[in-house]
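Student: build the 3D model from these lines:
(chains A and B)
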Amino acid sequence: MPLVDLKVWRGDDNGEYISYLVEYDEGEVILDVVHRLQSTDAQDLAVRWNCKAGKCGSCSAEVNGKPSLMCMQRMVNFTPGEEIIISPMKTFPLIKDLVTDVSWNYENARKVPAFSPKKVDTDGKHRMQQVDIERGQEFHQCIECYLCQDVCHVIRDHPENKDNFVGPRFFVQIASVNMHPLESASQKPSALYGFGLDYCNITKCCTEVCPAGIKITDNAIIPLKERLVDDKYDPVRWLGRIISKGKSGK
Amino acid sequence: MVSQNTQTESLFNRYAKTLRKDRWWLEPLLVGVGLFIFVMYSTVSAALLGNYWPYEIGPYVSPFFEPLFYTDILPKWVSPAIFILWAPLSFRMTCYYYRRAYYRSYFLSPPACAVQEPADSYSGESTVPLVVQNIHRFSMYGALIFVPILWNGAIRSFYWDGEIGIGIGSVLLLINAFLLSGYTFGCHSFRHLIGGGLNSFTGSKYQLFRKKIWNIVTVINSHHKYWAWSSLIVVGLSDLYVHMVASEWITDINTWNSFF
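Tutor: Residues are numbered from 1 along each chain as shown, chains lettered A, B, ... in the order given. Below you'll find the predicted structure:
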C-alpha cells in the first residue's frame, strides 16, 4: 500500500502539528486514513465522525487549509507521497486534536425566529402548493456541518463579530422560515433585523464549501438582503408609501 | 503498517495566513488586473478624451455615448458620456458579483476562502461607507432605462444612408446589447423584484406568471459572473472599435462601402 504523509494537529491551542506516515488505499477517503492512524500510532487522536457518507456533518475539518468533510475527500485526488495537512475548524474553540466546540451555533439556533404559521383554513387545514415550497426544500438539505460558519471570514478572522452575526447556516434557516408560504410573523421586515445580514459582503465562500450544494449566497443571503432593501432603500416603494400616506390623509 | 515521523512544527502553522496549497491567489489576481484595465480604459476613453476622440461614425455610436447628447452649453472638456455612465457605473459598482470580485481582489476581504484577511476589524456593509452598496436597487432602475436605449443603437447600426446593411460594428453593437440585457435582467435585484420577493406563486394568475419569469431569470442569474465579464469586455471592445473606425485607424468591413 502507498504511504501518505499526514500532518495532523495534536493537542489544544498550545498543541502542534505532528507528521505521520500512514498507509492508504486509492479507494479510501481522508477519514479512512485518519481512522487507520487512530487505530495504530495515534490511539488517543480525537476526531468526531458518524455516518461516513457526507450526510451527518460530523467530520468537518480543514484539509490542506480548505474547510471540508473528511469523509468526502477521496485519496485518489491526492498524489502519492503528498503531504496532507489536517486541521480542526479554525472558527470554533478547540477542544482537542480535530474536535472543536461548536456550541456557539446552538446558541444562534435559539436566536433565529421559529416557524409561525398563518391561521388554518375554515376546514381546519393548512394548504400549500409544491411550487411554493420548492425554494425551502433546498434549504432543508443542510446537514449542519458548520463548514459555512467555519469559512465565513466575518467570524473566522474577526471573532469579535460573533455577538452580532449568526452566520450563513442561520441565514439559510431564516430564509427557510421567511420564504415559507404559510409563514405569518416573519413576513414583517423587522423579523430580518438583528442577525447581521449586513456584515455579509457576498464573497460566497459559504456556497463554495457547502457539501450539500446549497446555493447559500444566491438563494438565501442575497434574497434576504433584498427583502431588507424593499423595506429601506427602494425608491419606488418610498414613492408608493408616500402616495398611500397622502391618500389616507395621515 | 504505520510509521511515525516525529517532525513537529510550531503553533504558527495553525494561525498562518492560510494552509491552502492550491493557487488560490490566481483568481483574485486575474480579476483585479481585468477590472483595473477596464476602469483605466473607460476613464480615458469616456471621461478624459470625451470630445477629443471621435465616438460616432456612420450608423455606429459607441455604447459609452449612447444616446447622443449634443450640447453647446458645456465646455468641450466635459465629456457627454457623463450623462450616461452614471447608470452602468453605479449598477456595476454595487452589483453583488462585482462586490465579491473587488472585495476579494482589492480589499482582500478575504483574498480567497480560508485565507486570512489582513484587516484588524470588520463591519462589512453595516456601516459607512459600505452601507452605500444598498443603492443597488436605485442603480438597477437606472440600468433598466439604458437597455432599450442600447438596443435602439444596435438596431440603428444596421441602417445607413437610406439602406439596410451590416458591418462588423453593427454585429458588435448587437452582441453588446444582448450581453448587457443578459447582465441586467439576470441581476439579483431584478430577480427579487420579478418574483423572489413573493412567498406564494399560486394566489393568482399574475403571481403564476411572475413565477414563470422568475424561473427564467433564475437560470440567467446562475451565470451572472459570466454575463458580467462578457458584457464588460464587449462593451469596452465596442467602444474601442467605434473609436478606431471613426479615427480612420481601421476600416470597417460592411455592406455600405464607406462612411466618409
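
Student: for chain A, which helix is longest?
Tutor: Using DSSP state H to assign secondary structure, the helix with the most residues in chain A is helix A:235-248.

Student: may I have it exported as CSV, CA atoms only?
Tutor: Below are the C-alpha coordinates for helix A:235-248, written out as CSV (Å, rounded to 0.1, in the frame of the first residue of the first chain):
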residue,chain,number,x,y,z
PRO,A,235,-37.1,54.4,-4.3
VAL,A,236,-40.3,53.1,-6.0
ARG,A,237,-41.6,51.7,-2.7
TRP,A,238,-40.7,55.0,-0.9
LEU,A,239,-42.9,56.8,-3.5
GLY,A,240,-45.7,54.2,-3.0
ARG,A,241,-45.6,54.7,0.7
ILE,A,242,-45.7,58.5,0.4
ILE,A,243,-48.7,58.3,-2.1
SER,A,244,-50.6,55.8,0.1
LYS,A,245,-50.0,58.0,3.2
GLY,A,246,-51.2,61.0,1.2
LYS,A,247,-54.4,59.2,0.2
SER,A,248,-55.1,58.0,3.7
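
Student: grab the nearest non-local neighbour of whatever residue of chain A ends up closest to chain B.
Tutor: Here the residue of chain A nearest chain B is residue A:65; by Cβ to the nearest Cβ that distance is 3.2 Å. In this view, the C-beta of every residue, glycine as well, is placed from N, C-alpha and C. By the measure of Cβ to Cβ, 6 or more residues apart in numbering or on different chains, the closest residue to residue A:65 outside its immediate chain neighbours is residue B:19, 3.2 Å from it.

Student: now for residue B:168, how many residues are close by?
Tutor: 15 (other Cβ atoms under 10 Å in any protein chain shown).

Student: ok, the one 3 residues further on next?
Tutor: Other residues near residue B:171 number 15, with proximity taken as other Cβ under 10 Å.

Student: what do you get for residue A:48?
Tutor: The number of residues packed near residue A:48 is 18, by other Cβ under 10 Å.

Student: gap between the longest helix of chain A and the chain center?
Tutor: Using Cα atoms, centre = their mean, to the nearest Å, the distance from the centre of helix A:235-248 to the centre of the chain it belongs to is 39 Å.

Student: and for stretch A:205-212?
Tutor: In terms of Cα atoms, centre = their mean, the centre of stretch A:205-212 is set 7 Å apart from its chain centre.

Student: now swap in stretch B:80-100 and tell me
Tutor: Here stretch B:80-100 is found 7 Å from its chain centre; the criterion is Cα atoms, centre = their mean.

Student: do stretch A:10-26 as well
Tutor: Using Cα atoms, centre = their mean, the distance from the centre of stretch A:10-26 to the centre of the chain it belongs to is 26 Å.

Student: for the longest helix anywhere in chain B, list every residue counted as buried.
Tutor: Of all the elements of type helix in chain B, the one with the most residues (DSSP H) is helix B:224-246. Of the residues in helix B:224-246, those with enough neighbours to count as buried (16 or more other Cβ atoms under 10 Å in any protein chain shown) are B:224, B:227-232, B:234-236, B:238-239, B:241-246.

Student: residues near the residue of chain B found nearest chain A, how many?
Tutor: Using Cβ to the nearest Cβ, the closest approach of chain B to chain A is made by residue B:19 at 3.2 Å. The criterion is other Cβ under 10 Å. On that basis, residue B:19 has 20 neighbouring residues.

Student: verify the stated contact: it with residue A:85.
Tutor: Yes. With contacts defined as Cβ atoms under 8 Å, residue B:19 counts as touching residue A:85 at a distance of 5.2 Å.

Student: close to chain A: what parts of the stretch 51-200 of chain B are there?
Tutor: Proximity of the stretch 51-200 of chain B to chain A, by Cβ under 8 Å from any Cβ of the partner chain, involves residues B:96, B:99-100, B:103-104, B:109-110, B:113-117, B:119, B:121-126, B:130-131, B:134-138, B:141, B:188-189, B:192, B:196-197, B:199-200.

Student: where does chain A have low pLDDT?
Tutor: Of all residues in chain A, those with pLDDT under 70 make up the ranges A:186-187, A:249-250.

Student: please redo it, this time with the cut-off set to 80
Tutor: Low-confidence segments of chain A, defined by pLDDT under 80: A:185-191, A:246-250.

Student: quick one: the helices in it?
Tutor: Here chain A has its helices, by DSSP H, at A:30-39, A:103-111, A:130-139, A:147-151, A:153-156, A:168-178, A:205-209, A:222-232, A:235-248.

Student: next, count neighbours for residue B:160.
Tutor: Burial measure for residue B:160: 19 neighbouring residues, criterion other Cβ under 10 Å.

Student: for the residue nearest to it when sequence neighbours are not counted, give me its contacts.
Tutor: With sequence-adjacent residues excluded and distances taken as Cβ to Cβ, 6+ apart, residue B:160 is closest to residue B:59, at 4.1 Å. With Cβ atoms under 8 Å, 6 or more residues apart in numbering or on different chains as the criterion, the residues that contact residue B:59 are B:156, B:157, B:158, B:159, B:160, B:167, B:169, B:170.

Student: please repeat the previous calculation with a cut-off of 10 Å.
Tutor: Under the criterion of Cβ atoms under 10 Å, 6 or more residues apart in numbering or on different chains, the contact list for residue B:59 reads B:153, B:155-161, B:163, B:165, B:167, B:169-170, B:173, B:254, B:256, B:259.

Student: next: residue A:66.
Tutor: The neighbourhood of residue A:66, defined by Cβ under 10 Å, 6+ apart, consists of A:73, A:87, A:147, A:151, A:208-209, B:18-22, B:24, B:113-114.

Student: and those residues, which of them are buried?
Tutor: The neighbour-count criterion (16+ other Cβ under 10 Å) marks A:73, A:87, A:147, A:151, A:208, A:209, B:18, B:19, B:20, B:24, B:113, B:114 among the contacts of residue A:66 as buried.

Student: next, the contact list for the first one, please.
Tutor: By Cβ under 10 Å, 6+ apart, the contact list for residue A:73 reads A:28, A:29, A:30, A:31, A:33, A:59, A:61, A:63, A:64, A:66, A:84, A:86.

Student: residues near residue A:35, how many?
Tutor: When neighbours are counted by other Cβ under 10 Å, residue A:35 registers 18.

Student: contacts only, for it.
Tutor: With contacts taken as Cβ under 10 Å, 6+ apart, residue A:35 has the following neighbours: A:22, A:28, A:29, A:45, A:47, A:49, A:52, A:70.

Student: show me these that map onto strands.
Tutor: Members of those lying in strands (criterion: DSSP state E): residue A:22.

Student: chain B next: which of the contacts of residue A:35 are close?
Tutor: Counting by Cβ under 10 Å from any Cβ of the partner chain, the subset of these that neighbours chain B consists of residue A:22.
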